[in-house]
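**Q** Please find the sequence and the predicted model below.
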Amino acid sequence: MTRTQKSILTFLSVTACILLALVGIFGYQAYTTLWQAPLGPAIAMPTSTWSLPATWTAAPPEFTPSPGPTITLVPTGTPVKAVYCSGPPVMTLLAVGTDARSNSYNYGLADVIRIVRVDFVKAKVTILEFPRDLWVEIPDIADDIDGQDHEKLNQAYLYGNPGFGYYDGPGEGPGLLARTLALNFGATTDRYVAVNMRTFEKIVDAVGGITVDLPDGMDGRTAEDRSARLVFPPGRQTLNGEEALTLARIRNDGVFERASHQNTVMCALQDKLTSPSVVVRIPALINSFKGAVQTDLTPEQLAQLACIGTKLKGEDITFVSFPQELFEGMRVFDPVFDGRVFVWDVDYDVLRDYVNRFNAGTWPAPAFENGYPADEESISTCP
């Protein structure tokens with residue numbers, strides 16, 4: 001080989017190494033950008049009622065759960081508490097179940113409204129239910145509805161989605177609902193997940209159904225609907241998607257009892273999602289439902305949530321509701337419907353106090369801790 005040939009070969013080798021390095025750098029940057037990019041339009045809280053969550057950094061985790069807590073550093077390099085799954089210390093989600101049966105999210109009321117507080121330090125999840133019939137101020141819509149700025153809480157989600165064109169702010173329906181919760185109750189939310197009824201059924205079917213235990217059975221038949229599909233026999237049974245949705249929507253004994261049925265279904269779904277036969281399929285499940293779920297979670301956060309889910313036991317998932325004795329039914333005139341509608345009469349200052357303690361992770365708490373009763377009737381855990 002001549003000297004000229006050797007020089008050319010050396011030049012080509014060096015050029016190839018540089019190109020490979022550039023491809024690696026730009027490829028990693030693109031991967032990181034996609035990994036941390038929200039899957040939907042992000043929400044933004046009203047600045048007057050919301051404080052920014054603590055900043056945090058995390059390397060993209062492997063899907064296989066880490067063996068134990070890791071140390072996460074804030075940008076200043078100051079160490080914080082050990083966390084699981086490379087997550088933030090706390091992630092707060094707005095979870096919405098809509099009554100729409102279409103494949104899109106243009107319309108639909110918020111049938112289920114929950115704030116989910118995920119603690120990555122204690123490996124604990126606390127879920128707060130908001131009754132949908134609270135009469136609230138909905139921001140950013142008065143100009144589009146003839147000055148009407150108060151409606152039921154569940155309508156904030158409807159008005160925020162594209163169908164009516166009332167709202168062009170951040171986060172569409174979940175975004176407006178999150179802003180409404182922050183404005184009226186001081187509820188803080190980092191991200192959101194909304195699922196319509198058809199998608200919920202498909203998710204339950206995709207994991208092979210869920211198993212529930214109903215010691216006394218459940219008869220959800222009404223005078224208007226005597227269908228056998230509303231009757232669930234006593235004992236342990238596996239439900240498909242349609243059956244799970246039916247159980248979650250039964251409310252013969254009122255909305256608070258329906259919330260209890262929803263908790264039963266959610267516990268069963270969480271138990272199935274963290275079972276060895278299903279947990280390995282979660283990445284494929286997430287991919288298969290991409291676009292069918294309304295969310296601004298990033299792929300990184302989905303992996304963190306899937307990871308922390310494998311570490312949770314039944315007692316680590318707490319469902320909490322505002323005490324029922326705080327609520328009394330009443331009717332108010334709704335100019336949109338030109339009639340009187342049912343709403344809950346409740347002291348919002350009391351609800352804000354509960355929400356503030358929920359945000360801080362101090363409610364629920366043992367009896368009389370911090371001077372407050374335990375409210376045991378409004379607190380439950382998964383089996």
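**A** Arrived safely, thanks for sending. Residues are numbered from 1 along each chain as shown.

**Q** now the helices for this structure?
**A** 3-35, 153-160, 172-185, 197-206, 241-249, 255-273, 276-279, 282-288, 299-309, 348-360 (DSSP state H).

**Q** packing partners for the third one?
**A** If I follow you right, that is helix 172-185. strand 90-98, strand 110-119, strand 135-137, helix 153-160, strand 191-195, strand 294-295, helix 348-360 (3 or more C-beta pairs under 8 Å, 6 or more residues apart in numbering; DSSP states H and E). For glycine as for every other residue, the C-beta is placed from the backbone atoms N, C-alpha and C.

**Q** Compare those and report which one is nearest to Val336.
**A** Across these, Val336 has its closest neighbour in helix 153-160 (8.3 Å, C-beta to C-beta).

**Q** Quick one: mean pLDDT for that closest one?
**A** Averaged over helix 153-160, pLDDT sits at 96.

**Q** In it, which residues are buried?
**A** By 16 or more other C-beta atoms under 10 Å, the buried positions in helix 153-160 come out as Leu153, Asn154, Gln155, Ala156, Tyr157, Leu158, Tyr159, Gly160.

**Q** Name all residues that make contact with the closest residue to the third one other than its chain neighbours.
**A** Right, the one you point to is Gln155. Take Gln155 and drop its neighbours on the chain: the residue closest to it by C-beta to C-beta, 6 or more residues apart in numbering is Leu109, 6.5 Å away. By C-beta atoms under 8 Å, 6 or more residues apart in numbering, the contact list for Leu109 reads Thr98, Asp99, Ala100, Arg132, Asn154, Gln155, Tyr157, Leu158.

**Q** try Phe322
**A** Glu129, Pro131, Val346, Leu351, Tyr354, Ser378.

**Q** correct me, but the fifth one touches Trp363?
**A** Yes: assessed by C-beta atoms under 8 Å, Tyr354 is found in contact with Trp363 at 6.1 Å.

**Q** Need the residues touching each of the two.
**A** In contact with both Tyr354 and Trp363: no residue, using C-beta under 8 Å, 6+ apart.

**Q** Might you list the low-confidence residue ranges for the chain?
**A** 1-35, 45-81, 283, 366-377 (pLDDT under 70).

**Q** try 80 this time
**A** 1-36, 38-39, 44-81, 103, 142-147, 253-255, 276-277, 279-291, 365-378 (pLDDT under 80).

**Q** residue closest to the middle of it?
**A** The centroid of the chain falls nearest to Ala95 when counting by C-alpha atoms, centre = their mean (3.1 Å).

**Q** residues in contact with that one?
**A** Contacts of Ala95 (C-beta under 8 Å, 6+ apart): Val112, Ile113, Arg114, Ile115, Val116, Ile127, Tyr192, Val193, Ala194.
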